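1. My questions concern the predicted model and sequence given below.
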Amino acid sequence: MNAYDASRMADVLAPMGYAASETMADADLVILNTCHIREKAAEKVYSELGRLRQEKTLRAESSRPMRIAVAGCVAQAEGKEILRRAPFVDLVFGPQTYHRLPLMLRELEQHGKQVIDTEFPADDKFDQLPDAGKVEGASAFLTVQEGCDKFCTFCVVPYTRGAEFSRPVDAVLREARLLVGKGARELTLLGQNVNAYHGAWQGAREWSLGRLIRELAEIEGLERIRYMTSYPAEVDEDLISAHRDVPQLMPFLHLPVQSGSDKILKAMNRRHTSGDFRDIVERLRIAQPQLALSSDFIVGCPGETDADFNQTMALVRDIGFAQAYTFSYSQRPGTPAAEMDEQVPDQVKSDRLQALQAEVNRQQLAFNQSWVGHELQVLFDRQGGRDGQLIGRSPYMQSVHAELSETHIGEVITVMIDQAKPNSLSGIVRQHQEAVA
Ligand code: SAH
């Protein structure tokens, strides 16, 4: 979502004459769009600001001074504290106010004062954003839902992104058509809890995510639909049946479970047990037998014992994932888990993380290897490292390399996979070779 927000910030700034620059030396304004989810991400902001300060000092003497903005969830969470620790920052604004960037910049220019805007405005920022600019490659993000009301005890998101909000159906469809018109062949619908989507349609009725996906599938030229990130307890029949019925909906789902231990899931305030998660996966797999899964796991939450961790390992082995993100629990200020007793020692956390990562990596490689000798439909969206090579994505989000000319960017092409690595596949394009011959 930060990638989506950053591109929307560029859209807001474009009418003021701003364009993206390749280097810092070229930039009149540098925006750090930040993440607060784990301590490491938040601390990175300050080391990056240290670098920017040097550049700003150098530039102060030139005819082109540089301004620095901190955006995103660290800005939302820390507000004024950022200006205290980094007084050379000019603008601080959260994820719900970036549509007001032109105003903030004008205020900065006219009054020369630092501006902080970390409100949760009552107005819908999406109504005030200009149309999306250009689409890079063939795949685009589209935010349909934001915020979170679930209050997992480990998580800062409800405090930084705010309450759950769904964009109205018409606004989503309009943006989707626009993106497809600009060359997007694939749309990834975004939300902190994307499957909690319940967008207003013509005032009265509300649409579920499943219903929205069915409607999006009617857009001509849109070949692939994805969504992330989903909350297990909000996977409903509409969504499951969309996986059965909508061919454009890719057979890949990122569904964070966090832990395999019911005791820990309860302490996390997740609204599912490990049994519920297994059930949901089974129902999804019945609807879409090709479905491959990804997930998020946190190890070392307060109170997690070896037995709890072993239940996480058992769940991973039983379900089988095409990939997964594994995190060591990070204490976040203001969250209930940060105050809990029984914090797990760092060494224990890192040992568990290593064990879990080894299992996840083994499964990912096995999944990739299972495709050798088989065909995959690949949407090619960018140049590869070598001349005459393109990189694309399989339906399962694997990176696939193939020898192909640039003219094929934006096309879905059948590739015979001949090599599998932990993080990518490569293969041969049959039709293309015939065409060359
Ligand atoms: N909105 C994101 C997902 C939210 S956070 C998205 O769209 O992908 C991503 C993951 O970070 C969560 O699923 C969880 O596994 C992890 N996470 C959140 N809070 C954490 C914490 N305090 N410590 C460690 N990992 C955390």
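-> Noted; the coordinates are in hand.

2. How about the residues of this structure by the ligand?
-> Within the chain, the positions near the ligand by CB under 6 Å from any ligand atom are 1, 37-38, 154-155, 157, 192, 228-229, 256, 258, 296, 298, 327, 329-330, 332. For glycine as for every other residue, the C-beta is placed from the backbone atoms N, C-alpha and C.

3. Select from these every entry located in strands.
-> 228, 296, 298, 327 (DSSP state E).

4. Looking at those, which two lie furthest apart in space?
-> In those, two members sit farther apart than any others by CB to CB. They are 228 and 298, at 17.3 Å.

5. So if I had to pick from those two, which one is more boxed in?
-> When residue 228 and residue 298 are compared for neighbours, residue 298 comes out ahead with 27 against 20, by other CB atoms under 10 Å.

6. check contacts around the nearest residue to residue 291 once chain neighbours are set aside.
-> Sequence neighbours aside, residue 251 is the residue nearest to residue 291 in space, at 4.8 Å (criterion: CB to CB, 6 or more residues apart in numbering). Contacts for residue 251 (CB atoms under 8 Å, 6 or more residues apart in numbering) come out as 243, 288, 290, 291, 292, 395, 396.

7. Those residues into JSON lines, with extra columns for neighbour count?
-> As requested, the contacts of residue 251 are exported to JSON lines (neighbours: other CB atoms under 10 Å):
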{"residue": "243", "neighbour count": "22"}
{"residue": "288", "neighbour count": "21"}
{"residue": "290", "neighbour count": "11"}
{"residue": "291", "neighbour count": "18"}
{"residue": "292", "neighbour count": "20"}
{"residue": "395", "neighbour count": "19"}
{"residue": "396", "neighbour count": "21"}
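
8. Distance to residue 237 for the ones in strands among the residues of the chain next to the ligand - can I get that in a markdown table?
-> Shown next, in a markdown table, are those (distance: CB to CB, whole Å):
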| residue | distance to residue 237 |
| --- | --- |
| 228 | 20 |
| 296 | 24 |
| 298 | 29 |
| 327 | 31 |
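
9. now, among those residues, which is nearest to residue 410?
-> For these, the nearest to residue 410 is residue 228 (21.9 Å; CB to CB).

10. Distance of the closest one relative to residue 295?
-> Between residue 228 and residue 295 the computed distance is 11 Å (CB to CB, to the nearest Å).

11. who touches residue 259 in this structure?
-> Neighbours of residue 259 in contact, by CB under 8 Å, 6+ apart: 265, 268, 270, 274, 297, 298, 301, 304, 308, 311, 312.

12. need these in TSV with distance to residue 79 and pLDDT, can you?
-> Below are those laid out as TSV (distance: CB to CB, whole Å; pLDDT from 0 to 100):
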residue	distance to residue 79	pLDDT
265	32	98
268	27	98
270	29	98
274	38	98
297	31	98
298	27	98
301	28	98
304	32	98
308	36	98
311	39	98
312	36	98
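
13. Between those residues, which sits nearest residue 45?
-> So of the contacts of residue 259, ranked by how close each gets to residue 45 (CB to CB), first place is residue 298, at 21.8 Å.

14. I'd assumed residue 154 was in contact with the closest one.
-> Yes. In this structure, residue 298 is within contact of residue 154 by CB atoms under 8 Å, at 6.4 Å.

15. returning to that earlier point: any chance of a markdown table for the contacts of residue 259, columns secondary structure?
-> Below are these laid out as a markdown table (DSSP: H, G, I helix; E, B strand; the rest coil):
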| residue | secondary structure |
| --- | --- |
| 265 | helix |
| 268 | coil |
| 270 | coil |
| 274 | helix |
| 297 | strand |
| 298 | strand |
| 301 | coil |
| 304 | coil |
| 308 | helix |
| 311 | helix |
| 312 | helix |
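
16. Helices of the stretch 51-200 of the chain, residue ranges please.
-> In order along the chain, the stretch 51-200 of the chain carries the following helices (DSSP state H, counting those that start in this stretch): 72-78, 80-85, 101-111, 125-128, 157-160, 169-181.

17. Using PDB, write out the CA atom coordinates for the last one.
-> Which is helix 169-181. Extracted in PDB, the C-alpha atoms of helix 169-181 (Å, rounded to 0.1, in the frame of the first residue of the first chain):
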ATOM      1  CA  VAL A 169     -18.000   0.500  -5.700                       C
ATOM      2  CA  ASP A 170     -18.400   3.200  -8.400                       C
ATOM      3  CA  ALA A 171     -15.100   4.900  -7.400                       C
ATOM      4  CA  VAL A 172     -13.300   1.500  -7.500                       C
ATOM      5  CA  LEU A 173     -14.700   0.600 -10.900                       C
ATOM      6  CA  ARG A 174     -13.900   4.000 -12.300                       C
ATOM      7  CA  GLU A 175     -10.300   3.800 -11.200                       C
ATOM      8  CA  ALA A 176     -10.000   0.200 -12.400                       C
ATOM      9  CA  ARG A 177     -11.200   1.100 -15.900                       C
ATOM     10  CA  LEU A 178      -8.800   4.000 -15.900                       C
ATOM     11  CA  LEU A 179      -5.800   1.800 -15.000                       C
ATOM     12  CA  VAL A 180      -6.800  -0.800 -17.600                       C
ATOM     13  CA  GLY A 181      -7.100   2.000 -20.100                       C
END
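
18. ok now that helix, how far from the chain's centre?
-> The chain centroid and the centroid of helix 169-181 are separated by 19 Å under CA atoms, centre = their mean, to the nearest Å.

19. Relative to the ligand, how far out is residue 304?
-> 12 Å (CB to the nearest ligand atom, to the nearest Å).
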